[in-house]
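Asks: pasted the sequence and its predicted model underneath.
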Amino acid sequence: MNFPVLVEVQLRSGIADPQGATIERSLPALGFEGVSGVRVGKAIRFTVDAPDEAAARERVSALCQRLLANPVIEDAAITIENGSQR
Amino acid sequence: MKVGVVLFPGSNCEHDVVEAVSRLGGQAEIVWHGERSLGGIDAVVLPGGFAHGDYLRPGALARFSPVMAAVGDFARQGGPVLGICNGFQVLTEAGLLPGALQKNRGLKFLCATVTVRVDSSRSVLTSGAPLGAALRLPINHFEGNYICSEEVLAELRDGDRVVLRYADNPNGSVDDIAGICSPEGNVVGLMPHPERACDEVLGSVDGEGLLRSFLGAGRLARTSA
């Protein structure tokens, strides 16, 4: 099965996000009030070939730990969509 | 005494290191990142630049370059390893030094000469530098804001492993950290560029003492090997 995957890498909570803070501060100047909690991250999309969703998640989780996110400063949120037959 | 200077695609300070090492009486040779062995070298430098384009994160992909397995073995055997700027980022991503380097506080690329203080002489880079010495060294980075967990910070402090601190913190690094070393002191990473402070024409010669210590450690490693 091929599973489309979305990995969202974000700075861990508690780690300052100057990009998010700058965006948040600039919004009121453009008339956008009431926006808070802006965090900037990365979205990485790919497909993973695995027998089932649990196996796909396990592989993606491992590759996030080893490469896509730096666990010292980042968290990775994994979304796995419905698989399609090869 | 031979220093291997690793060249990754995107490194850009390798020749500065070769020049500085040569002037100080060492022999330097460039080692391509695709090599699986370091050959008969006595010390390794990971130079500054943008290894693998800094794609994903600085150092994230460089750590998978074939030569890095050999650098890891060399470090674990006690060989002197120095990571400067991007090289420091590579060492943290490779797990040879703890912590990480994130974007500068203020989100500006910094290019300046700053003052750093020698706070530990137990590393191969600072063994010959007087404790408390104030050195003028250039910095040139976007991701130089050192961060680590509280536990790691305590280990670094208790182990006397913070080798250099900024006098006036330019980038937001925790505890003003500009450079750290491994528990044994043979692996050192720092954001400032000592190799660019080895000639009066460049505004400072304060990098010479540091690199002399490093070359001395390499000579020692050679004799004891």
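Replies: Right, received. Where do you want to start?
Asks: the helix or strand where A:D75 lies - which strands sit beside it in the sheet, and in what orientation?
Replies: Assigned by DSSP states H and E, A:D75 belongs to strand A:74-80. Applying DSSP bridges, strand A:74-80 is found paired with strand A:2-11 (antiparallel).
Asks: ok, residues contacting the strand it pairs with?
Replies: With contacts defined as CB atoms under 8 Å, 6 or more residues apart in numbering or on different chains, strand A:2-11 is touched by A:17, A:39-50, A:53, A:56, A:60, A:64, A:68-69, A:73-86, B:102. In this view, the C-beta of every residue, glycine as well, is placed from N, C-alpha and C.
Asks: what is the mean pLDDT for the following helix or strand past that strand?
Replies: Going down the chain from strand A:2-11, the next helix or strand is helix A:18-26, by DSSP H and E. Helix A:18-26 shows a mean pLDDT of 91.
Asks: what's the angle from helix A:18-26 to strand A:2-11?
Replies: If you take axes from the mean of the first three to the mean of the last three CA atoms, to 10 degrees, helix A:18-26 sits at 70 degrees to strand A:2-11.
Asks: circling back: going through the contacts of strand A:2-11, which ones are buried?
Replies: In the contacts of strand A:2-11, burial by neighbour count holds for A:17, A:41, A:44, A:48, A:50, A:56, A:60, A:64, A:68-69, A:73-74, A:76, A:80, A:83, B:102, counting by 16 or more other CB atoms under 10 Å in any protein chain shown.
Asks: residue in chain B nearest to chain A?
Replies: Residue nearest to chain A within chain B: B:A100 (4.0 Å; CB to the nearest CB).
Asks: that residue pairs with what?
Replies: Beta-bridge partners of B:A100, counted by DSSP bridges, are B:I147.
Asks: neighbours of it, just the number please.
Replies: Number of residues near B:A100 (other CB atoms under 10 Å in any protein chain shown) recorded here: 22.
Asks: shouldn't it be in contact with A:R12?
Replies: No. The pair B:A100 / A:R12 is not scored as a contact, 10.6 Å apart, by CB atoms under 8 Å.
Asks: list residues touching both of those two?
Replies: With CB under 8 Å, 6+ apart, B:A100 and A:R12 have common neighbours A:I73.
Asks: what sits against B:I147?
Replies: Contacts of B:I147 by CB under 8 Å, 6+ apart are A:I15, A:V72, A:I73, B:G99, B:A100, B:L101, B:Q102, B:S173, B:V174.
Asks: ok, the fourth one - contacts?
Replies: Spelled out, that is B:G99. By CB under 8 Å, 6+ apart, B:G99 lies in contact with A:V72, B:T92, B:Y146, B:I147, B:C148, B:V152, B:I180.
Asks: how close does it sit to B:L156?
Replies: Note on B:G99: its distance to B:L156, by CB to CB, to the nearest Å, is 8 Å.
Asks: ok, now which ones touch the residue of chain B closest to chain A?
Replies: By CB under 8 Å, 6+ apart, the contact set of B:A100 is A:N70, A:V72, A:I73, B:T92, B:E93, B:Y146, B:I147, B:C148.
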